[in-house]
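In: Need coordinates for the following:
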Amino acid sequence: MATHGFHFSLKLACSVLLTATLFTLVLLRSDSVVSAQTGSQPFDKMVRAEHKHFVEYQQDFVSFGQSSLGTDEYQIAMDLEKVALETSQNLSAVHTLLEIYSDLSCEEDRASVRPVIEKELGYYSKEIELSIEGANINIAHTQKPGVAAEGTHMRDRLREVKSIFDSIKLR
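Out: Model prediction:
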């Protein structure tokens with residue numbers, strides 16, 4: 001069982017590092033991303049910052065899970081880790097969409113792509129809504145105060161992500 005836990009942790013750590021590395025490479029490609037903004041901070045920078053938080057949540061919930069191997073708390077921690085993983089993937093996808101949109105220089109191309117990207121933004125917003133519900137269920141069932149506190153922080157950040165996605169208006 002200890003060997004299984006180690007291999008699982010190693011696979012998960014590699015997965016998290018690969019995701020973070022790929023996302024970082026995409027971010028280095030372009031610093032000026034999208035014309036849609038809130039205040040003075042572009043949405044792409046907000047999405048990047050949120051992505052970093054969700055990678056950290058993944059690592060935290062893996063640690064919680066490792067300390068609870070073979071218990072119901074392990075499954076709760078891994079379910080919350082899955083929410084963090086899926087959210088980081090959604091954030092990466094949205095960032096890519098925003099980057100593609102900003103790279104289009106022709107207004108006709110932007111006009112034809114805009115509805116597709118806006119539809120996808122709606123899809124990712126709905127995904128985040130479902131993740132909030134999933135986080136709430138797991139938070140309600142955990143007996144570990146640390147998991148509950150971290151889960152609550154993540155759920156609140158999920159709400160922020162949904163708000164960001166819903167606020168993006170492409171021009």
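In: Tell me the pLDDT of the residue sitting furthest away from the middle of the chain.
Out: For the chain, the residue at maximal distance from the C-alpha centroid (CA atoms, centre = their mean) is residue 108, at 31.0 Å. On the pLDDT scale, residue 108 is placed at 94.
In: Now residue 69: phi and psi?
Out: Note on residue 69: backbone dihedrals following degrees, to the nearest 10 are phi -50, psi 140.
In: Residue 133: neighbour count?
Out: Residue 133: 11 surrounding residues under other CB atoms under 10 Å. Every residue, glycine included, has its C-beta placed from N, CA and C.
In: before we move on, what about residue 122?
Out: Neighbours of residue 122 (other CB under 10 Å): 12.
In: same deal with the one 4 residues further on?
Out: Neighbour count for residue 126, taken as other CB under 10 Å: 12.
In: Residue 120 versus that one, what's the distance?
Out: 11 Å (CB to CB, to the nearest Å).
In: Quick check: residue 131 touching residue 85?
Out: No - with contact defined as CB atoms under 8 Å, residue 131 does not count as touching residue 85 (10.3 Å).
In: Point out where the chain drops to low pLDDT.
Out: 1-41 (pLDDT under 70).
In: Show me the strands in it, by range?
Out: Assigned strands in the chain, in chain order: 37-38, 41-42 (criterion: DSSP state E).
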